[in-house]
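1. sequence plus predicted model, see below.
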Amino acid sequence: MLSVSRLSVSLGGNDIISGLDFRLNPGDKVGLTGRNGAGKSTLLRCLAGEIEASEGKIIAKKGLRIGFLHQDMPLSGNTTVLEETLRAFPELLRWESRLRELENLMAGGNTDQAVTEEYEQLQYRFNISGGYDFRGRAETVLKGLGFKPGDFRKPLNTFSGGWRMRVELAKILSGDNDVLLLDEPTNHLDIESIVWFEQWLRNYKGIVMLVSHDRRFLDAVTTRTIELYPGGYRDFPLPYSRFVEKKKEIIEKQRRDAKNQEKKIKETERLIERFRYKATKAAFAQSLIKKLEKTERIVVEDEDFKTVKINFPPAKPSGKLVFETENLSKSYGEKRVLDRLSFVIGRGEKIALIGANGQGKTTLASILAGKIPYEGTVRTGHNVRIGYFEQDQSRLLKSEETVLSFLENRADDDMRPFVRDVAGAFLFSGDDVHKPVKVLSGGERNRLALASLMLQSFNVLILDEPTNHLDIPSKEILKQALMQFDGTLLIVSHDRDFLHGLTNKTFVFEQGRFGIFPGDTDEYLAMAINRLQKQETRERKKHPAEPQTFSRPKDAYKERKKKKNLLRKLEGQIEEAEKRLASMQREMGLPGWQPADGFFEEYDKLQQHLDNLMNQWTELHE
């Protein structure tokens, strides 16, 4: 359905993608992976037709419909959430509008046959194209992505950029696309929405190619992995985690083969040196030289699964009590986000804050970090030193410093020798470390802020979505460091793989309520899913679904055509009966007319037959 042949893409004189070959068929679920800058987003843009390949070609089935979600292009405007989502169905919306026009014409007394025929044909096409359920489909997707029915009529410009990105995703999922190209689709989703999204993608029958740094999401959805790396690519029919293991095996074999080859090459070189100056062995030496020249050296691929291990510098412990709140509340205008929260956080606790967006996770993190005002009481314990990572650092970091000087100026003395290692772990290497902070992208500033935290000693870390804009190896470096961190951790994240094994308590924000679960996120989600399934079972027992009978649109259209033909047949029979009655009436008016035997019986029967035909015609016409 979609194939790529010898595809190469160059941007700004740099080769981004080189010699790519693959084929995608319906049902393929492909995870597109690789380090930042490897060309993943570039490839998606190329497949979507936004940029042209430098070499090679893309062959697509005629009429192929592609839905492309950019990494960060939120919608804007005054259209409502539902109106914007329904733009995924331009043809159905046009047909729906025309059907309303035709209905108004007929309701106004227009019985023109052309109007009636256009209405019937358009209604049939509308029906078989899903015209009577496309609004329901769009609403179902919006609900799955976290929108409430009350949000459907609200203008887009009343929502944050993350929620507007969800609307763009809803448009793509709702539409009739054959291929979905998704660039970091989970960046703006909470855990509940991601779980729903995974199920939706597993049931999708078309092609999916997605870029994601969420290992668990990739493993749950994809069955094939294409990894891009400088100068090449790998393509295996495996989900991400199994692909990583397979890659390790391949590189380990390459290493062994390269070592054996190097051993043989050195032995051959010794033989050449031994015999090349002996007349009797000169020919043999020359054959060895030619053989050596033809030997294709085994190159060991980049071992990017080996990551640097960096730990947070040790800090003086805090007191046993880290935070204590009483009746903690926070409102934004009329909206009450936190309502009378009372809890205690002790030294060494590792707490995950989970729940839908807009429920108060970021607000609580900001309050505990001392960044925003609140109502109620918050007590901070003795010797608490807080390291705080905000979700959006791009508006905060506008320094004239370079990346390197920024990190060096914030590093503790003991960590200053490791500045370049930490910078590299968060994707700042080579000349990147000399870039001014003010010219960095939003994602780069987020990574820089995270790197600076790892160079300073804190005994409390409050991290709000720290894994956004990190690739998988960088996330593993951060997680390993947090696993070794012996202070107190509060972390807001929707990345289940990152949270797995990292926390031992969960703060749950759900539909305006706050609760504390004494376990990690996996345990909480398992309990929540089990609770939801039991609730659905109880609801089904209370309100069993009544069997419904649906007529097939095609059969309904055939039935209408059949009745229309019968109507025309009746009209012909009525015309014949009326002609015969008129003829008999003319006969009765002739001078000296005498009725033949049975004349009046025939006349009465014909009149009765005409009455029956008229009744049938009237019923069908109505």
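-> Here it is on my side, so go on. Worth saying up front: this structure is predicted, and the values here are computed from it rather than measured.
2. only C-alpha atoms from now on, for both contacts and neighbour counts.
-> Will do.
3. distance of residue 427 from residue 328?
-> Using CA to CA, to the nearest Å, we find residue 427 at a distance of 39 Å from residue 328.
4. now residue 534: how far from residue 191?
-> Counting by CA to CA, the gap between residue 534 and residue 191 amounts to 20 Å.
5. re the thing from before, looking at residue 427 and residue 328, which has the bigger crowd around it?
-> For the pair residue 427 and residue 328, the greater number of neighbours falls to residue 427 (22 against 19), based on other CA atoms under 10 Å.
6. next up, the contacts around the more buried one.
-> For residue 427, the residues meeting the contact criterion (CA atoms under 8 Å, 6 or more residues apart in numbering) are 36, 474.
7. contact partners for residue 219?
-> Remark: with contacts taken as CA under 8 Å, 6+ apart, residue 219 is in contact with 239-241.
8. tabulate these (TSV), appending pLDDT and neighbour count.
-> Formatted as TSV, the entries for those read as follows, by pLDDT from 0 to 100; neighbours: other CA atoms under 10 Å:
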residue	pLDDT	neighbour count
239	93	23
240	92	28
241	91	14
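9. pick the one among those closest to residue 38.
-> Distance to residue 38, by CA to CA, is smallest for residue 240 among those, at 16.7 Å.
10. now the helices for the stretch 1-150 of the chain?
-> Per DSSP state H, counting those that start in this stretch, the stretch 1-150 of the chain carries helices over the ranges 40-47, 81-86, 90-107, 113-128, 134-144.
11. same thing with the stretch 351-500 of the chain?
-> 361-368, 403-410, 419-425, 442-453, 472-484, 496-499.
12. ranking those helices by mean pLDDT, which is last?
-> Ranked on mean pLDDT, the bottom entry among the helices of the stretch 351-500 of the chain is helix 442-453, at a mean of 83.
13. what about that helix, distance to the chain center?
-> In terms of CA atoms, centre = their mean, to the nearest Å, the centre of helix 442-453 is found 24 Å from the chain centre.
14. and for stretch 434-446?
-> Taking the mean of its C-alpha atoms, stretch 434-446 sits 26 Å from the chain's own mean (CA atoms, centre = their mean).
15. show me what counts as buried in that stretch.
-> Burial within stretch 434-446, assessed by neighbour count using 16 or more other CA atoms under 10 Å, is assigned to 435-438, 440, 442, 444-446.
16. now, which of the residues you listed sits nearest residue 227?
-> Nearest to residue 227, judged by CA to CA, of the buried residues of stretch 434-446 is residue 444 at 22.1 Å.
17. for the closest one, which non-adjacent residue is closest in space?
-> What sits nearest to residue 444 in space, not counting adjacent residues and going by CA to CA, 6 or more residues apart in numbering, is residue 469, at 7.7 Å.
18. report how many residues lie close to that neighbour.
-> Neighbour count for residue 469, taken as other CA under 10 Å: 20.
19. would you confirm that it contacts residue 448?
-> No: using CA atoms under 8 Å, residue 469 makes no contact with residue 448, being 10.9 Å away.
20. picking that back up, which of residue 534 and residue 191 has more neighbours?
-> Taking other CA under 10 Å, residue 534 and residue 191 do not tie; residue 191 has more neighbours (19 against 12).
21. out of everything not next to it in sequence, what's closest to residue 348?
-> residue 488 (4.3 Å).
22. if that neighbour is in a bridge, with which residues?
-> As for beta bridges, residue 488 partners with residue 460 under DSSP bridges.
23. pLDDT wise, what is it at?
-> We note a pLDDT of 95 for residue 488 in this prediction.
24. check residue 622 too.
-> Note on residue 622: pLDDT of 60.
25. next one: residue 213
-> Per the predicted model, pLDDT is 87 at residue 213.
26. neighbours of it, how many?
-> Using other CA under 10 Å, the number of residues around residue 213 comes to 25.
27. same deal with residue 603?
-> When neighbours are defined as other CA under 10 Å, residue 603 has 15 of them.
28. could you measure from it over to residue 614?
-> With CA to CA as the criterion, residue 603 and residue 614 are 17 Å apart.
29. do residue 572 as well
-> Computed as CA to CA, the residue 572 to residue 614 distance reads 11 Å.
30. residue 451 and residue 424 touch, don't they?
-> No: in terms of CA under 8 Å, residue 451 does not count as a neighbour of residue 424; the distance is 9.4 Å.
31. of the two, who's got more company?
-> Neighbours were counted for residue 451 and for residue 424 using other CA under 10 Å; residue 451 has more, 23 against 16.
32. now do the contacts for that one.
-> Residue 451 makes contact with 407, 422-423, 426 under the criterion CA under 8 Å, 6+ apart.
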